[in-house]
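Enquirer: test case, fold it:
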Amino acid sequence: MKAKLGMSPIAWWNDDLAELSDDVSLEECLRQSRSAGFTGMEKGRRFPEDPAVMLPILRAADVTLCGGWFSGTLANEDIAANKDRIQPMIDLFKAVDAPCIVYGEVGRSIQGDRSKPLAGKAVLSDDEMRAYARKLTAFGEWCAEQGMPLAYHHHMAAVVQFEHELDAFMANSGAGIPLLLDAGHLAFAGGDVLAAIDRHHQRISHVHVKDIRRPVVDALDWSKQSFLDAVALGAFTVPGDGSLDFGAIVQRFADHGYEGWFVVEAEQDPKKNPPLKMAQVGHKELMRVMTKAGYTVETKGFPAA
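Expert: The predicted structure is shown next:
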């Protein structure tokens with residue numbers, strides 16, 4: 001089985017919490033992650049929007065663009081508005097041969113609002129969830145028809161957070177909207193990561209290997225503290241530095257024949273947790289567990305011309 005290892009630039013610069021950002025260039029971010037062994041990087045705010053500018057940077061770093069977040073609003077806006085906003089991203093991602101766009105729901109979400117406690121997240125009724133899942137399926141099918149598939153990211157403080165919400169979304173949506181399984185977000189929400197992989201493996205097309213610090217997560221007061229408070233306190237980290245058993249998690253993906261990207265997306269304070277060091281820790285642990293699970297990990301970054 002083949003796998004690729006990528007990172008998210010959120011370890012270097014956080015789009016929601018400016019204080020959790022290093023003053024480093026895109027080129028330095030790519031250099032550090034590549035030196036740690038990662039061959040991919042998801043898109044962040046310091047990436048150029050012009051493929052003619054982005055491609056030489058990726059080529060020089062020997063790194064491929066392995067995805068990137070789209071702030072979707074289908075929970076409270078129509079498909080047409082989202083089509084208009086995502087079209088430039090589709091064009092860019094096709095031009096640089098990215099595998100997918102990560103759909104993250106921000107409609108009715110409190111993930112970016114530090115004044116809103118975790119307990120105040122929106123909850124969809126059964127009818128709302130059915131309608132939402134159908135909209136995502138239609139939107140995912142349209143994006144795939146344009147040449148760029150989506151991967152749906154369940155997320156803390158969003159409308160699909162808990163394991164039962166993920167199950168309901170998957171039951172009411174179709175194959176047109178593949179799933180990004182994020183171990184850290186699901187574990188933070190109290191979910192069973194291995195059981196979720198077992199239930200939804202046929203739809204999983206992209207994986208975020210985010211770890212959590214269980215003592216930090218367990219100490220949170222959901223009635224007072226927000227998602228961003230949790231991030232600032234250090235709820236997330238890289239595999240090998242947290243509380244999740246990535247040996248078991250990666251083995252379960254292998255058991256179901258998953259091949260593709262495993263992306264370290266671990267937002268935390270880069271002053272307390274230097275990104276290069278964290279990248280090295282995460283890569284070492286992933287290589288250990290992936291080799292044990294029978295994966296062959298791609299070592300070449302930018303695709304040959």
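
Enquirer: spit out the contact partners of the residue lying closest to residue 221 once chain neighbours are set aside.
Expert: Once flanking residues are discounted, residue 221 sits nearest to residue 117: 7.8 Å by CB to CB, 6 or more residues apart in numbering. The way it works is simple: take the backbone N, C-alpha and C, and place the C-beta from them, glycine included. Residues counted as contacts of residue 117 (CB atoms under 8 Å, 6 or more residues apart in numbering) are 221, 222, 223, 224, 225, 226.

Enquirer: distance of residue 117 from residue 236?
Expert: Taking CB to CB, to the nearest Å as the measure, residue 117 falls 18 Å from residue 236.

Enquirer: which outside residues touch the longest strand anywhere in the chain?
Expert: Criterion DSSP state E: the longest strand present in the chain is strand 64-72. The contact list for strand 64-72, computed with CB under 8 Å, 6+ apart, reads 4, 6, 39-44, 47, 54, 58, 82, 85-86, 89, 93, 96-107, 139, 150-151, 153, 206, 261, 263, 301-303.

Enquirer: what's the ChimeraX line that selects buried ones from these?
Expert: Buried residues within the contacts of strand 64-72, by 16 or more other CB atoms under 10 Å, are selected in ChimeraX with:
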select :4,6,39,40,41,42,43,44,47,54,58,82,86,89,93,96,98,99,100,101,102,103,104,105,106,107,139,150,151,153,206,261,263,301,302
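
Enquirer: grab the most central residue of this protein for me.
Expert: The residue lying closest to the centre of the chain (CA atoms, centre = their mean) is residue 208, at 4.8 Å.

Enquirer: bridging across strands, which residues link to it?
Expert: Note on residue 208: beta-bridge partners by DSSP bridges are residue 182, residue 263.

Enquirer: dump the residue contacts of it.
Expert: Counting by CB under 8 Å, 6+ apart, residue 208 makes contact with 8, 153, 180, 181, 182, 183, 184, 185, 263, 264, 265.

Enquirer: so the second one touches residue 102, yeah?
Expert: Translated: residue 153. Yes. Contact criterion CB atoms under 8 Å: residue 153 and residue 102 qualify, at 5.2 Å.

Enquirer: shared neighbours, the two?
Expert: Applying CB under 8 Å, 6+ apart, one finds that residue 153 and residue 102 are jointly contacted by 69, 180.

Enquirer: would you map the strands across this structure?
Expert: For the chain, the strands defined by DSSP E occupy 2-7, 40-43, 64-72, 101-105, 150-153, 179-182, 204-208, 211-212, 236-237, 260-264, 296-297.

Enquirer: now those as a markdown table including mean pLDDT and distance to residue 197?
Expert: Listed next are the strands of the chain as a markdown table, based on pLDDT from 0 to 100; distance: least, CB to CB, whole Å:
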| stretch | mean pLDDT | distance to residue 197 |
| --- | --- | --- |
| strand 2-7 | 98 | 15 |
| strand 40-43 | 98 | 21 |
| strand 64-72 | 98 | 19 |
| strand 101-105 | 98 | 18 |
| strand 150-153 | 98 | 15 |
| strand 179-182 | 98 | 6 |
| strand 204-208 | 98 | 7 |
| strand 211-212 | 98 | 16 |
| strand 236-237 | 98 | 19 |
| strand 260-264 | 98 | 13 |
| strand 296-297 | 98 | 19 |
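
Enquirer: for those, give me JSON lines that also has distance to residue 254.
Expert: Output for the strands of the chain, formatted as JSON lines (distance: least, CB to CB, whole Å):
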{"stretch": "strand 2-7", "distance to residue 254": "9"}
{"stretch": "strand 40-43", "distance to residue 254": "19"}
{"stretch": "strand 64-72", "distance to residue 254": "19"}
{"stretch": "strand 101-105", "distance to residue 254": "22"}
{"stretch": "strand 150-153", "distance to residue 254": "19"}
{"stretch": "strand 179-182", "distance to residue 254": "14"}
{"stretch": "strand 204-208", "distance to residue 254": "12"}
{"stretch": "strand 211-212", "distance to residue 254": "18"}
{"stretch": "strand 236-237", "distance to residue 254": "23"}
{"stretch": "strand 260-264", "distance to residue 254": "11"}
{"stretch": "strand 296-297", "distance to residue 254": "11"}
